[in-house]
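[1] Here is a sequence together with a model predicted from it:
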Amino acid sequence: MDNTEIGINDGLFHQLGLGIIPAVVYSNADIDKQSIIKENRGKSGIYRWTNLISGKSYVGSSINLGRRLRQYFNYTFLTRPHNKGMVINRALLKYGFSSFKLEILEYCDKDITISREQYYLDILNPEYNILEKAGSSAGYKHTEEALVKIRSNLIKMNAEKGIKVGVLDINTNVTTTYDSIRKAAEAIGCAKYAISFNEKQQVKTGVIKALKGKYIISIVRDK
C-alpha cells in the first residue's frame, strides 16, 4: 500500500519518515557495534540514532562515518566537558546502546554531506538535535549557569597560561587567547572599551552577557 492509498499527503508522509528507506539499518547498536565501525570506515554520509524506548532520534553527518560512529562508543569521548552537554550523548549514556537503533540514511559524496544532513533535519525534525542548521551551532542557547561555568573555566585557563584575555566563540565553542585587550578587540572586530565594559558589567551585575551576541570574554590582569 502506498501513501496515497492511506490518505497521507506528501508533506506529512515525509515528516513521519515513511518515505525514507535507509541504506543500512543496525537494529541493536550494542550488538552491532563492530559491524557499524567496520562497515562504515572511510565512507561519508548521513546517520540517525533512534531511541527504541522513547522514539526520539538524532540526525548527523560525517565525511568519515567509521571514525565518527566509533567516537559514540567511547565513554571518555562522550563524557568530555564539551561533549557531555549534547542531548544524544546523554541519552546514549542513560539508556545504553542496546536501546538504540542506528541507521545510515544514505551514503553520499563528502562535498554534500552538510546539505543532505539539512534535508533530513528539515523533514524529520529529530528531537535530540538542538541545532536547526546542519554544520553549525548557531541555534544553540547557553543557559546562564553554563555561561558562568564557561567564564570561570576561561579565567582559570588564562591565569595558568599567563594570558590576559580569553575569548570564547559560543557559536563554534572555540576558545582563543590573546595577550592584550587590543589584540582581542582587533580579532573580534570591536573597540577596546567594549571588551572592558563587557567585563565590568559582568562583575557589576553578575550576569554573563555575550559580546556582539557570540563572544564570552574573560580578562586576567597581572597583579
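    That came in fine, so what should we check first? Residues are numbered from 1 along each chain as shown.
[2] and V174, what is it in contact with?
    Shown in contact with V174 (C-beta atoms under 8 Å, 6 or more residues apart in numbering): L168. For every residue, glycine as well, the C-beta is placed using N, CA and C.
[3] now it: how far from L168?
    7 Å (C-beta to C-beta, to the nearest Å).
[4] Count the neighbours of L69 for me.
    Look at L69: counted by other C-beta atoms under 10 Å, it has 23 neighbours.
[5] Can you classify it by secondary structure?
    helix (DSSP: H, G, I helix; E, B strand; the rest coil).
[6] Which strand or helix spans the nearest residue to it once chain neighbours are set aside?
    Nearest residue to L69 in three dimensions, chain neighbours excluded: I36, at 5.4 Å (C-beta to C-beta, 6 or more residues apart in numbering). Assigned by DSSP states H and E, I36 belongs to helix 33-39.
[7] List the contacts of that helix.
    With contact meaning C-beta under 8 Å, 6+ apart, helix 33-39 is reached by V24, Y26, A29, G66, L69, R70, F73, F97, L102.
[8] What subset of those is buried?
    V24, Y26, A29, L69, R70, F73, F97, L102 (16 or more other C-beta atoms under 10 Å).
[9] Of those residues, which belong to strands?
    Mapping the buried ones among the contacts of helix 33-39 onto strands (DSSP state E) picks out V24, Y26, L102.
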